[in-house]
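1. missing the sequence, but the structure's below:
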């Protein structure tokens, strides 16, 4: 896992719960994470954002849709290349998808179209162990 992805996991863990929010949307569409497990089989996990909210955090667009170990979050710079994009999807069972790749985003939400990333197992102390480095994320986050 790259240091940028590790930094994204830490930033998302610490900052996303703090941002401003607006009213939530109903029945958000699920995201799909596909990755290769340690035994070489293909796994697919569908995760819907939970109570999605959108806002601004400095020069970043903030997308939050998590509750406990389920959901989707992202920080996307207002200006491309101005800061690192960080996307996280809680897959359950201690597994998390993370990516530092750029997203298409605006005030209405973001689109992940086969966004590359990694799947890692998160320990109780928030350290991560890589599970798969060939994961991809697809889905659309819509702001309410």
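-> Arrived safely. If you're wondering where the values come from, they're calculated on a predicted model, not measured in any experiment. Residues are numbered from 1 along each chain as shown.

2. all contacts plus neighbour counts: C-alpha atoms, from now on.
-> OK.

3. For the protein, give me the ranges with low pLDDT.
-> 1-26 (pLDDT under 70).

4. Quick one: the helices in it, in order.
-> Secondary structure of the chain (DSSP state H): helices at 3-15.

5. For the residue nearest in space to the middle of the chain, name its beta-bridge partners.
-> When Cα atoms, centre = their mean is applied to the chain, the residue found nearest the centroid is residue 88 (2.1 Å). In this entry, residue 88 is beta-bridged to residue 73, residue 98, by DSSP bridges.

6. Pretty sure it sits against residue 98.
-> Yes - Residue 88 is within contact range of residue 98, at 4.6 Å (criterion: Cα atoms under 8 Å).

7. List the contacts of stretch 64-81.
-> Stretch 64-81 is contacted from outside by 12, 16-17, 47-54, 59-63, 83-94, 102-103, 105, using Cα atoms under 8 Å, 6 or more residues apart in numbering.

8. at 6 Å what do you get?
-> Contacts with stretch 64-81, where a contact means Cα atoms under 6 Å, 6 or more residues apart in numbering, come from 48-53, 59-63, 83, 85-90, 92.

9. Tell me, how many residues neighbour residue 51?
-> Number of residues near residue 51 (other Cα atoms under 10 Å) recorded here: 18.
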